[in-house]
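Q: Show me how the following folds:
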Amino acid sequence: MRAAPSNDRAPILDRTRLRDDRGRRLRDEMARRGYDALLLLGRGNVQYATDADIPAADASRLNHFPTIALVLREDPVPHLFTALPDDGACDLPGDHLHEPLLPELESGVAAVAAQLRLLVGASSFTLGLDEMSAAMRFGLSRDLPRATIADASPVTAAARIVKTPDEVECIRRAQHLNELAMLDVQAALVPGIRQCDLSALFLQQVFELGATANYVNPIWQLVPARIADGPFTLTGEVAFPLVSTDRVLAEGDLLWVDTGIGYHGYASDFGRTWVVSARPEVDAPRRAQFRRWREVIDALLATIRPGATGADLTRAAHDAVGDRTPWLRHLYVAHGAGLDSAEMPLVGTDLGEEFDRQIVLAPGMILVLEPVIWDEGVGGYRGEEIALVTDSGYRLLSDYTYAPFN
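A: Below you'll find the model as predicted:
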């Protein structure tokens with residue numbers, strides 16, 4: 001059962017407070033774990049530390065626009081190294097904005113080391129890195145012989161897994177824009193339309209509504225009735241996601257839909273199952289699948305509360321349907337969302353139950369629930385709901401119809 005909607009007014013988004021609160025969380029974790037500095041290259045971590053607007057791009061092309069953040073434990077203002085200061089500088093002071101660094105090159109690593117020595121103010125310090133180029137792997141220890149180089153992920157993961165109120169508001173707005181656009185897209189879903197037509201309409205709508213980026217190439221995947229009718233998978237399950245093309249959709253086609261847009265760096269995540277038709281109807285077996293999917297969702301929502309574990313969630317999902325695993329094993333039954341479309345907590349992965357038991361829910365965590373019900377010869381139902389863990393349970397951030405299944 002859905003949680004009752006809150007009557008509280010949505011908080012006013014304050015981006016300066018957003019960045020300051022995130023920086024405080026990072027520095028607190030650095031102090032707790034003994035890090036003097038963090039050098040952050042990953043897009044999500046750079047945005048978390050600086051609130052810089054980084055152009056959305058394929059990961060293999062981000063090096064064309066290098067944007068790197070340096071966080072010092074004793075400095076409340078982060079440093080930003082960027083090739084796009086006018087687009088990504090936010091309101092950082094001039095002495096914390098720098099020319100871009102090129103860590104892919106050996107000469108660039110020497111420049112990284114020189115900046116670290118200058119800004120840290122010591123030759124002996126503990127440095128956390130979230131990513132490392134090949135040149136950094138061999139060059140940093142040579143150029144910083146007295147520095148201790150460590151993995152930054154214990155700091156960044158601990159800081160980012162619990163969202164601040166401003167982060168929650170960004171995710172709520174991103175999801176709202178996504179769902180508004182999908183209302184028009186679903187209305188256009190008739191026989192003869194192409195997958196790429198749906199993508200064009202969706203992207204036009206979300207950017208007109210105020211989205212700042214597109215993070216997931218829109219997915220309008222035809223669902224086969226049998227596993228053998230789709231691409232081969234190592235898990236023996238139905239393949240998902242598949243790339244959208246210019247394929248023409250026909251009457252009665254069943255679609256798994258998945259989109260994700262960004263609002264000031266924060267991701268939405270939309271998932272539903274649709275039927276292609278001017279007057280869509282759902283037969284009894286597929287309607288029964290939807291009811292079972294709702295039973296899994298309701299079981300998961302009923303389990304969400306502070307102190308519950310990831311293992312509690314997977315157990316609840318299994319108990320709702322019996323022995324079968326009601327999600328795609330190459331993905332998860334639940335994942336986090338924030339500055340990345342899928343981030344911690346990750347629940348129901350191939351890391352197993354022991355890993356899931358270590359995930360303990362706390363207020364401020366975001367969970368994207370995405371169970372799947374599949375029956376050979378029928379196909380399957382897939383959808384997503386976004387839940388915020390609260391002090392007493394959960395609050396849904398997603399609010400889209402299940403038509404034509406409900």
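Q: State the three-state secondary structure for the most centrally placed residue in the chain.
A: Centroid check for the chain by CA atoms, centre = their mean gives residue 341 as the closest residue, at 1.7 Å. Here residue 341 is recorded as coil under DSSP: H, G, I helix; E, B strand; the rest coil.
Q: what separates the nearest residue to it once chain neighbours are set aside from residue 73, distance-wise?
A: Counting by CB to CB, 6 or more residues apart in numbering, residue 341 lies nearest to residue 267, which is 4.4 Å off, once chain neighbours are set aside. Every residue, glycine included, has its C-beta placed from N, CA and C. With distances taken as CB to CB, to the nearest Å, residue 267 is found 28 Å from residue 73.
Q: Can you list the neighbours in contact with the helix or strand in which residue 45 is found?
A: Assigned by DSSP states H and E, residue 45 belongs to helix 43-50. With contact meaning CB atoms under 8 Å, 6 or more residues apart in numbering, helix 43-50 is reached by 19, 22-23, 26, 38, 40, 52-54, 59, 62, 67-69, 71, 78, 80, 88, 90, 92, 130, 152, 156, 159-160, 265, 338-340, 343.
Q: Return the subset of those lying in helices.
A: 19, 22, 23, 26, 88, 156, 159, 160 (DSSP state H).
Q: got the contact list for the closest residue to residue 191 other than its chain neighbours?
A: With CB to CB, 6+ apart as the criterion, residue 191 has its nearest non-adjacent residue at 4.4 Å, and that residue is residue 251. Taking CB under 8 Å, 6+ apart, we find residue 251 in contact with 191, 276, 277.
Q: so what's the second one up against?
A: With contact set as CB under 8 Å, 6+ apart, residue 276 has these partners: 189, 190, 191, 193, 249, 250, 251, 252, 253, 254, 255.
Q: For residue 185, see how far away it is.
A: 12 Å.
Q: Next: residue 274.
A: In terms of CB to CB, residue 274 sits 9 Å off from residue 185.
Q: Just want to know which of the two has more residues nearby.
A: Neighbour tally, residue 274 and residue 185, criterion other CB atoms under 10 Å: the higher count belongs to residue 185, 25 against 22.
Q: Residue 235: neighbouring residues, count only.
A: 11.
Q: Quick check: it is in a strand.
A: No - counting by three-state DSSP, residue 235 is located in no strand; its state is coil.
Q: shouldn't it be in contact with residue 331?
A: No - using CB atoms under 8 Å, residue 235 is not in contact with residue 331; the gap is 9.9 Å.
Q: Between residue 267 and residue 73, tell me which one has more neighbours.
A: residue 267 (26 against 18).
Q: ok, that one - contacts?
A: Counting by CB under 8 Å, 6+ apart, residue 267 makes contact with 171, 174, 215, 260, 261, 337, 338, 339, 340, 341.
Q: do the same with residue 311
A: Neighbours of residue 311 in contact, by CB under 8 Å, 6+ apart: 353, 356, 357, 359.
Q: Tabulate those residues in TSV, adding columns for distance to residue 402.
A: Putting those into TSV (distance: CB to CB, whole Å) gives the following:
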residue	distance to residue 402
353	30
356	27
357	32
359	28
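Q: Please list only the buried members of these.
A: The neighbour-count criterion (16 or more other CB atoms under 10 Å) marks 356, 359 among the contacts of residue 311 as buried.
Q: Do a quick rundown of the helices in the chain.
A: 15-33, 43-50, 85-88, 106-120, 134-143, 153-160, 165-187, 195-209, 284-303, 310-321, 353-358.
Q: Would you mind giving the domain segments of the chain?
A: 15-160, 165-396 (automatic domain parsing).
Q: Can you say which of these is nearest to residue 405?
A: Residue 405 lies closest to domain 165-396 among the domains of the chain, at 4.1 Å (CB to CB).
Q: What's the end-to-end length of the closest one?
A: 14 Å (CA to CA, to the nearest Å).
Q: can you pull the pLDDT of the residue lying closest to residue 82 once chain neighbours are set aside?
A: Excluding the flanking residues, the one nearest residue 82 by CB to CB, 6+ apart is residue 67, at 4.6 Å. Note on residue 67: pLDDT of 90.
Q: I'd like the distance between residue 67 and residue 195.
A: Counting by CB to CB, the gap from residue 67 to residue 195 is 33 Å.
Q: more crowded one of the two?
A: residue 67 (25 against 20).
Q: can you pull the contacts of the more buried one?
A: 43, 46, 52, 54, 80, 81, 82, 83, 84, 88, 100 are the contacts of residue 67 under CB under 8 Å, 6+ apart.
Q: change it to 6 Å
A: 46, 54, 82 (CB atoms under 6 Å, 6 or more residues apart in numbering).
Q: what does the model give the first one for pLDDT?
A: For residue 46, the pLDDT comes out at 94.
Q: right, and out of the ones in helices among the contacts of helix 43-50, which lies closest to residue 326?
A: Nearest to residue 326 among the ones in helices among the contacts of helix 43-50, with distances taken as CB to CB, is residue 160, at 27.8 Å.
Q: Contact partners for that closest one?
A: residue 48.
Q: Pass me the low-pLDDT residue ranges in this structure, would you?
A: 1-11, 56-65, 85-90 (pLDDT under 70).
Q: and with 90 instead?
A: 1-13, 15-16, 19, 51-66, 83-92, 123, 233-236, 322-324, 329, 406 (pLDDT under 90).
Q: circling back: partner residues bridging the residue nearest to residue 341?
A: residue 262 (DSSP bridges).
Q: Since that was my last question, I'll sign off now.
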